[in-house]
Structures are given as C-alpha cells and as structure tokens.
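*Asks:* sequence and computational prediction follow.
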Amino acid sequence: MSKKSYTRKMSYNDRLFAVSEKICPPGLNQFVCEGEGFFDAGRWREAVKTASEANPGSRIILKGHLGRSRWIDSGITPPVTEVDGRDWDGLGPAGAPFLDRGVDLRKGPVSEVLLIHGNPLRVCFRTHHAVMDGMGLLTWMEDVFHVLRGEAPVGSTSSITDMELARSVMKEYRRPFPKDNIVPTGKPSGDKRGVTWKRIIIPGTYKNILGQVVVLSAHEAWKYQEGPVRFAIPVDIRTRQKGLRSTANLAIAIYVEVKKDSTPEDIANDIRNQIAEKRDCMIDRFDPYLRFLPIRFLVNRGNAIIENNNRRGLYGSSGLISNMGKPPVIFFSGGGFNTRLIWGIPPSIENCPFLIGMATRSGEVTLSLSVPNALNRDNRLDTVLQNIISGLIPADRQD
C-alpha cells in the first residue's frame, strides 16, 4: 500500500504571511547557526534530504485557490547552497545579498539551507513564513542535525492548522482594541517602502528580559508622543496538544498593554495570566473568513493600511516582541560544524512597525530589531537599540 502524501489546509495565518511577502519580500523566517568547524556539502545535502522526508512541511507547495487552498508535499528536497559570506558581519543586511532571495509558494522550494563561508562559519536555514513559524523551523533544523550526527530524525507529519488547534481549546473570540497605538521610533518620515534590520549582542545575564524590553520599548514611544502602547507577543500553541510536533504556523499572538507605571514584573504576570486563561488561542471573529479572500485583494488592502497608518502615525499595534529563549545549541551541531550561537533575522513584515527578536546564551543576549524604512528617520533604529541596552538591568543588580 502506498504511503499517503502529506497535505494540510492553508490557514488564515499562512495566507496573511503570503500576503506580507507580496508586499515586502522576501518574507522568510531565517535562523542562523553561528560556529566553527567545516562544511561537507555532500553530507549536508543528504542530511537535508532525509530530514525533509521526515518533515514534509519543509517541502510543501501551494495548490488550489481561496477556501480550497492547500499545501501538498512536492517531494522536492530543499536545496543546500554554499555562499561567500566574508563581507557579512552578521549585524545587518549589508554584505549578504543571498538573504534577499525569495521563494515561489506554488513552484517551490519553500525552504533552503545556506552554508555561509566566512569567519565565523554560519549556516542559515530559510523557510517562507507562510509555511512555517519559528518553532516549526527549529523542528526541521533539529532533525537536519540529528541526521548529520548519524541519528534518526524524529519527524513531524501533523496536518493540524492554527485555526483548528485554537478552536479546539478556546471558543471565545478576541475582543478588538482601537488601532491607535504609537510606536517606539516615533512618527514616520517620507514614503520609502521596505524594511531594515540590525542585530546587537549585549553582554551580561538578565532576568525577565522580555518584560524589560517591553517596558523600555514603550517608554521610547512616549518620548515622541502620548498615546496607547500595545505589543503583540507570539505564543507557541503546540503545547495545547500533548506530544504535538509540527512545522506549521502554530503561533498566535497575545497583546499586552503597557502603562506609564507598568513594571517588567507586571508584563510577565500579564503574559502568564493570559496564557493561563487560554487567550493565546483566541482569534479575531473575522479571521476564519480570510481563507476565502483573494491574495491580490488582501495585498491591496495591506498596502492601503500601511499608507493610512503612516499618514496617521498610529498603528494596529506598537509592534511585536518575541523571545526564543535559550536555544540548546548542543542539539544544533553535527557533520563537522559546531554551533556556538543561534539567532534570527526578523522577517520583512512592513505592516509591523517594530519587531524585536531575542535569544540568550550564557553571558549574553542577542537582540535583532527590524523597522520599516519610513520609521527609520535619523537612524532611529540605532537610537532605540542603544536606549534599550542602556536601560536593561542585569540580574546581579536586581533585587
């Protein structure tokens, strides 16, 4: 009997990320393993082939239209490409044209691995955000390294979507809030489209780094104007189903409103309470219908929203802040390459006015921030990052 081919529905989040990529390409999740050793390209290609067979979500392509849109397993192994990264310092987009390459969701491949030569050596795992979220990407990455070490891949074949999982847990809908939020970089200047990003490494150990960054970012916004500040915090809802392994988009955001007197502890408590109340599985009442709207219509609507937000200087949220915690680098070494640090390049989402991703390892924190070019007047991205660094309180100075 032949094995049934992997397939799953295109969810509402998948569609939104496909739209985002059309507005501001490349729209990819890109995780970088930075380390030392050597590259055996042939061995990597075999490992990616085996790991992708075990995780077919890494090689899906889009079929159908509107509500009948589905992902199917193309059977095409994601490519492994060696590139010259000697001119890339890993702190921004300059010197890394290979990061600009997009993908075609209908033709594929939707995932790839870059072996980046330079000092240090880097491996960049790239997947279209419409097919994987960050945890999904880490699931595939783990199995690639399993195979590189001569181990069997764990695999993931779940076809559950974010909508199906969320609605199995929570039937209530999210209560909408006003789209009048201010942002940490102040009002936009000019009409330059696109997104830029920067990464910084902060020495030290910090408790409740997420809460600290949320509060510090809010106070940056109030330096420019008065108004409400609400940040989206993505939550991995895989934990809502025991033993679930999936490469799909299974993260849903909760929203924290920051007040002038909010403390990092207040933010941490709010996040804990919202998750305890299962609000990470709340969706907007309109979300289920997005699957039935044409991507072209949503792209036009998305561009209009961006232009309107920039004209008003007010946004649907103040931004998104994500903490990937402390990735266990020991699981991401093999085949002659030893990972010392894992960090992410923020996806190009122009309708998100402020996006911070962070990761920690012993003795340091990595922050990666992306902002739309229209909000980077006078290099405000640099100013905000430096002010956040200055405001962070190390663990040894906290009570």
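*Replies:* Thanks, I have it.
*Asks:* need the longest helix for this protein.
*Replies:* helix 295-312 (DSSP state H).
*Asks:* what comes up buried for that one?
*Replies:* By 16 or more other Cβ atoms under 10 Å, the buried positions in helix 295-312 come out as 295, 298-299, 302-303, 306, 309-310. The C-beta positions use only the backbone N, C-alpha and C, and glycine is treated the same way.
*Asks:* ok now it, how far from the chain's centre?
*Replies:* Distance of helix 295-312 from the chain centroid (Cα atoms, centre = their mean, to the nearest Å) equals 21 Å.
*Asks:* repeat that for stretch 74-81.
*Replies:* 22 Å.
*Asks:* which of the buried residues of helix 295-312 lies closest to residue 264?
*Replies:* Distances from residue 264 to these, taken as Cβ to Cβ, are shortest for residue 309 (27.8 Å).
*Asks:* neighbours of residue 168, how many?
*Replies:* 12 (other Cβ atoms under 10 Å).
*Asks:* quick one: average confidence on the longest helix of the chain?
*Replies:* Averaged over helix 295-312, pLDDT sits at 95.
*Asks:* check stretch 151-161 too.
*Replies:* Averaged across stretch 151-161, the pLDDT comes to 96.
*Asks:* how about residues contacting it?
*Replies:* 6-9, 11, 14, 50-51, 54-57, 139-140, 142-143, 146-147, 241, 244-248, 250 (Cβ atoms under 8 Å, 6 or more residues apart in numbering).
*Asks:* surely residue 146 is in a strand?
*Replies:* No. Counting by DSSP: H, G, I helix; E, B strand; the rest coil, residue 146 is not found in a strand; it is helix.
*Asks:* if I look at residue 25, how far off is residue 100?
*Replies:* Counting by Cβ to Cβ, to the nearest Å, the separation of residue 25 from residue 100 is 8 Å.
*Asks:* next: residue 80.
*Replies:* 18 Å.
*Asks:* neighbour count: these two, which is higher?
*Replies:* Higher neighbour count among residue 80 and residue 100: residue 80, with 21 against 11, using other Cβ under 10 Å.
*Asks:* dihedrals phi and psi, that one?
*Replies:* phi -120, psi 120 (degrees, to the nearest 10).
*Asks:* kindly report the same for residue 42.
*Replies:* According to degrees, to the nearest 10, residue 42 has phi -60, psi -40.
*Asks:* the contacts of stretch 151-161 in strands, which ones?
*Replies:* Using DSSP state E, the members of the contacts of stretch 151-161 that fall within strands are 7-9.
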